[in-house]
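Colleague: The amino acid sequence is not available; the structure is as follows:
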């Protein structure tokens, strides 16, 4: 039997507001343990939570970016459970009236757009961090109370690759909104996955596994790939699937059982009586909506339209907000010229420089003016494209001005016809066979002769002029 | 000449202003009284964390140098605040409740000994205190009511000038009634709850317990007002409540809910309350019977909502950060042992009740249903207040009962709040004032209720009544 994969993702995002979700503590990472705390986030007796409007605004921003319906009357609930990293032994979260519901995001699957539903996006508070030592467990409450956004997808993802693409797209949107660092390794973005298999075409969902402990997008994908094969094997050998939570063991490249479902946990959710119902009215939504930045999809469409980029190339440039802004700034600086030339530089030499250095395009140490002057020299045929690429590499490596590098490398293109004429004469004398071929109408011979001239000039001859000169000399 | 400790706050303020007395002399007089009668009454918490401290002159303000007694569940910076529970042993909050900051800003002196109470305000008799029961100053064999029994007994026995209590289902009004003093439960949202160690967050309010209505009006004015630290406090101007003390209640419409005067009611209480209503009529008010049809559901609804919230509010007492921690080898045992040893019987009962009410499969039948009935109870009041200025009832169905009389029967104990609970569920303000004594010499309280944020109405009616009677002037013989 053939099986199809059903995946849903639960993403937690730490919002980078100035202060915590329900108290005035600054959010400031890397501080000594238990220094960014106050009686409120420590849950001391008698203290009360107070809304952080900035966190609510950020949450609404994200919800709108994913085309969610915003809940006009939203409320906060208490999720009750005992754990030492949770000072009140309940987490302020949202249960039956989340801030937003029914959103979606587009991904590309098998070269076609695919809509991935977003069940809900809600706001809650983060817990502290446990540090286990040989003889004791310690708690650091610095993280306690940082606003967390939970983004739950529908089980619309049909492969580990789609899950990866969804996460990449989600991160890109959130980065555009500038509300979270989205760093999975640092824990500002966390992702759990639900995965199940079912016979192809079946309507009912299979028995699911919840996957935890992935700390990179690749880890999510790898864990899902492992699960697909593990579950396929079980199903094909007619073994019973049990609903369980499994941990991704990145080193072992496998998932291991954390706990099986021994009855759902009862969190005894109920409305937090310390926080009044929060009303998000239409004017507030409209205000936040109008302040939303251009999002990746819109930017992509605009890049395709305005800069004649292919969807593929535009997709590469807009996937990072910084790259999109860098690219656009470069294109605009190049005003009055053919935009296509700049675009080709961006998705060609520049992107490969970035990739080989494992940085983003906009993180390349390259002054836009230097880039512009380099491109200008190529256009004016003062330097060959080949030399220009090597100058680009050096410019990024050394941060020396392009002109200096060209001089140092003696890379100026030879456009001086007298000088070229001399080389051409030598080449003609040395390659009589090719000259005859050319005269017999074999165009390849011309290319060969030009190549010989280039070789003799150490790549500095202007190939177009050489070609013209040979043509004229032999016709 | 009366001793200073017997005076009201407004009387003391006059003497202080006239420089007839010093803050030190108030202090001496209070401590002398405490040393004399508190061994019998035990209104104050006397565990090792509590220290007597002489009163010092305070910054200028409306209440300059007047001492005030604080219930043990209101956070006082640097002063022991233990909710009369073993589990908060040694807890000295590093912050003041907003009401305490307001009092300090007005120059009041926060009395260093805290008032006894039922553990976490769970009770109607102050018998559930980890530090032992408080006695009623009018009869030492009887309870002072609760949970603010320490505050009410201290004021009644002149061991305090005035006091703050907290009221979740009657915890200010019922002990005020039992002890023959004035007790106000303000509108929900009128007084900040920041720093009040929560019992049931949607019901709790801090309020004054005083020797007369004028003091209640003064103190309510000081502690009321919006607080950005409490998102359930309401941003509404606080009127000068003392302006309501004009004695004119001519033409006021008073509703008398028939559900509060049922067959089998204590005949003594009934006749005292009827007499009080007649007194109000003789002062020019009109009274008419009204109906609050959902009254009978108030007690069950209350015990679902209040315990549900309490079960979650008290989860934080786990031995991790503060208070008592039992010795144990692992986390789960530490939780279990700490809570088993730290909480008293009634606290455990309410945590279990509330946990049950919120559990999967029971939530809809209990908690959600209770919320719906709560709305109906509130609508009952809205309807009556459409036609009436206030509602008058007994504060309690009986006078103070005997110590130990109801400790074996929690349900009976819960029913002693039957007349006070609806007010908390509806979020409206109510006051209890002395209106007579039983033949056995125990005080009876008259409860006046008004619509939300109409505390002025309560003070107006209560003051008019008080001015035409002498009940508030009678002192217990100790």
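Modeller: Cool, got the structure. Please read these numbers as outputs of a predicted model, since none were measured by experiment.

Colleague: For stretch B:112-132, buried residues please.
Modeller: B:112-131 (16 or more other Cβ atoms under 10 Å in any protein chain shown). Bear in mind the C-beta positions are built from the backbone N, C-alpha and C, glycine included.

Colleague: Mind checking which of those land in strands?
Modeller: B:112, B:113, B:114, B:115 (DSSP state E).

Colleague: Out of these, flag the one nearest to chain A.
Modeller: Nearest to chain A among those is residue B:114, at 13.4 Å by Cβ to the nearest Cβ.

Colleague: Pretty sure that closest one sits against residue B:76.
Modeller: Yes. Counting by Cβ atoms under 8 Å, residue B:76 is a contact partner of residue B:114 at 7.3 Å.

Colleague: Now for the two: what residues contact both?
Modeller: Both residue B:114 and residue B:76 are in contact with residue B:70, where contact means Cβ atoms under 8 Å, 6 or more residues apart in numbering or on different chains.

Colleague: all helices of chain B, in order?
Modeller: B:9-17, B:23-41, B:98-105, B:149-156, B:173-179, B:213-223, B:267-282, B:298-313, B:331-342, B:345-358, B:369-385, B:410-415, B:421-426, B:455-467 (DSSP state H).

Colleague: quick one: contacts for residue A:379?
Modeller: A:337, A:341.

Colleague: May I have the phi/psi pair for it?
Modeller: In terms of degrees, to the nearest 10, the main-chain angles of residue A:379 are phi -60, psi -40.

Colleague: correct me, but residue A:453 touches residue A:470?
Modeller: Yes. Applying Cβ under 8 Å, one finds residue A:453 in contact with residue A:470, separated by 7.5 Å.

Colleague: Residue B:421 and chain A, how far apart?
Modeller: 16 Å (Cβ to the nearest Cβ, to the nearest Å).

Colleague: And for that residue, the neighbour number?
Modeller: The local packing of residue B:421 (other Cβ atoms under 10 Å in any protein chain shown) involves 25 other residues.

Colleague: picking up where we left off before, tell me, which of the helices of chain B is the model least confident about?
Modeller: When the helices of chain B are compared on average pLDDT, helix B:410-415 comes out lowest at a mean of 81.

Colleague: Give me the contact list for it.
Modeller: B:123, B:124, B:125, B:299, B:303, B:346, B:349, B:397, B:406, B:407.

Colleague: got it, and stretch A:216-225?
Modeller: With Cβ under 8 Å, 6+ apart as the test, stretch A:216-225 has contacts from A:5, A:7, A:9, A:160-161, A:163-164, A:167-168, A:171, A:184-185, A:191, A:193, A:195, A:211, A:214, A:248, A:250, A:253, A:255.

Colleague: Let's see that with 7 Å instead.
Modeller: A:7, A:160-161, A:163-164, A:167-168, A:184-185, A:191, A:193, A:195, A:211, A:214, A:248, A:250, A:253, A:255 (Cβ atoms under 7 Å, 6 or more residues apart in numbering or on different chains).

Colleague: Just the buried residues of the residues you listed.
Modeller: A:7, A:160, A:163-164, A:167, A:184, A:191, A:193, A:195, A:211, A:214, A:248, A:255.
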